[in-house]
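Enquirer: Provided below are the primary sequence and the corresponding predicted coordinates.
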Amino acid sequence: MQNVLSESPFGAGGFAGSLTGQDKGRTNLPPGTGASGGATTVTRTIADIRARMEACAKDGVLVGLVPTMGFFHEGHLSLMRAARPECTLVVVSIFVNPIQFGAGEDFNTYPRDFDRDFEMAAAAGADIIFAPAAAELYPDAFDTMVVPGNLAEGLCGAARPGHFRGIATVVAKLFNIVRPGIAYFGQKDAQQVAVIRHMARDLNYNVGIRVCPTVREPDGLAMSSRNIYLSKDERSQASVLYEALLEAKAAASAGQTSAAGIRRQIKRKIASQYLADLEYVGIVSPDTLEPVSEIKAEVLAAVAAKFGRARLIDSMTLSPGGDNA
């Protein structure tokens, strides 16, 4: 499930070229320089980014898109670094998307630091930062949403109604505006990746979806912008999510095939940390996200828990028998 390119019905290359012929579009330019060799630039309007992308399409430039909500960490940067050698032009979007936050969630307090993000993105190889205001993407009377199907109903979708509708809508808009050949996402957000992959297929977007490995802290905690919310004690206990998933992986490798048994094991491990407020443990098909009862092939183990203000998610693939390398 890591470093995977999911092809669209028209091939993975997208509007700006094909992956099979992308050597023409690839470049190893220094970080912060694009096809023209210029410095990283910022655009905040749809009209401006579209004009730039139309010029790229005419020149056969392969465009990579890294959609983000900013407040970068190494996970975001790893996506930009993955895009840099594969694409002639790397576009990073920074937009805290209001329609994916539910009532009482942390939209107003979500961490933001544009100047810091700019410097980090430039160093990682971004050519253009697209940072629109909310009114630019959602003007007055905006009321059209992309509504994903069954993939969005379980796991995080059950606890956050409308969350994936908001994600699918903003990513659809970004795909229409930027028209990338490849878009880059992190495996940590496994359900989001599944929703976007299916949306791209179902709506005939000509874009490849690149899924990059989860980036972790030294103790295994998956990197997240929300980790900043953790107190010292919460931070010391939050790595239990990774530890629980590792134990589940080992159990599957040792021959445990009962999904219910592995769920109980994960729950016990997470419950060993008193600051953890478990939301869910799912053992599901990686493709459909439907719960499985037996581990006969690769499955996805996904967890979510709150530690104080921070709602954290993590996931890991499990395979039966000795197939967990």
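Expert: Here it is on my side, so go on.

Enquirer: could you use CA atoms for every contact and neighbour count after this?
Expert: Will do.

Enquirer: ranges for the helices of the stretch 101-250 of the chain?
Expert: 114-124, 134-137, 156-159, 163-178, 190-202, 232-238, 240-253 (DSSP state H, counting those that start in this stretch).

Enquirer: would you mind giving the ones you listed as CSV with mean neighbour count added?
Expert: Below are the helices of the stretch 101-250 of the chain laid out as CSV (neighbours: other C-alpha atoms under 10 Å):
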stretch, mean neighbour count
helix 114-124, 18
helix 134-137, 13
helix 156-159, 16
helix 163-178, 20
helix 190-202, 20
helix 232-238, 16
helix 240-253, 21
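
Enquirer: would you mind giving those helices as JSON lines with distance to residue 314 added?
Expert: Output for those, formatted as JSON lines (distance: least, C-alpha to C-alpha, whole Å):
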{"stretch": "helix 114-124", "distance to residue 314": "24"}
{"stretch": "helix 134-137", "distance to residue 314": "28"}
{"stretch": "helix 156-159", "distance to residue 314": "11"}
{"stretch": "helix 163-178", "distance to residue 314": "17"}
{"stretch": "helix 190-202", "distance to residue 314": "8"}
{"stretch": "helix 232-238", "distance to residue 314": "11"}
{"stretch": "helix 240-253", "distance to residue 314": "7"}
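
Enquirer: pipe these into JSON lines and attach mean pLDDT per row.
Expert: Below are the helices of the stretch 101-250 of the chain laid out as JSON lines (pLDDT from 0 to 100):
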{"stretch": "helix 114-124", "mean pLDDT": "97"}
{"stretch": "helix 134-137", "mean pLDDT": "98"}
{"stretch": "helix 156-159", "mean pLDDT": "94"}
{"stretch": "helix 163-178", "mean pLDDT": "98"}
{"stretch": "helix 190-202", "mean pLDDT": "97"}
{"stretch": "helix 232-238", "mean pLDDT": "98"}
{"stretch": "helix 240-253", "mean pLDDT": "98"}
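
Enquirer: and of those helices, who's closest to residue 149?
Expert: Closest approach to residue 149 among those (C-alpha to C-alpha): helix 190-202, 8.3 Å.

Enquirer: tell me what angle that closest one forms with helix 163-178.
Expert: With axes from the mean of the first three to the mean of the last three C-alpha atoms, to 10 degrees defining the directions, helix 190-202 sits at 50 degrees from helix 163-178.
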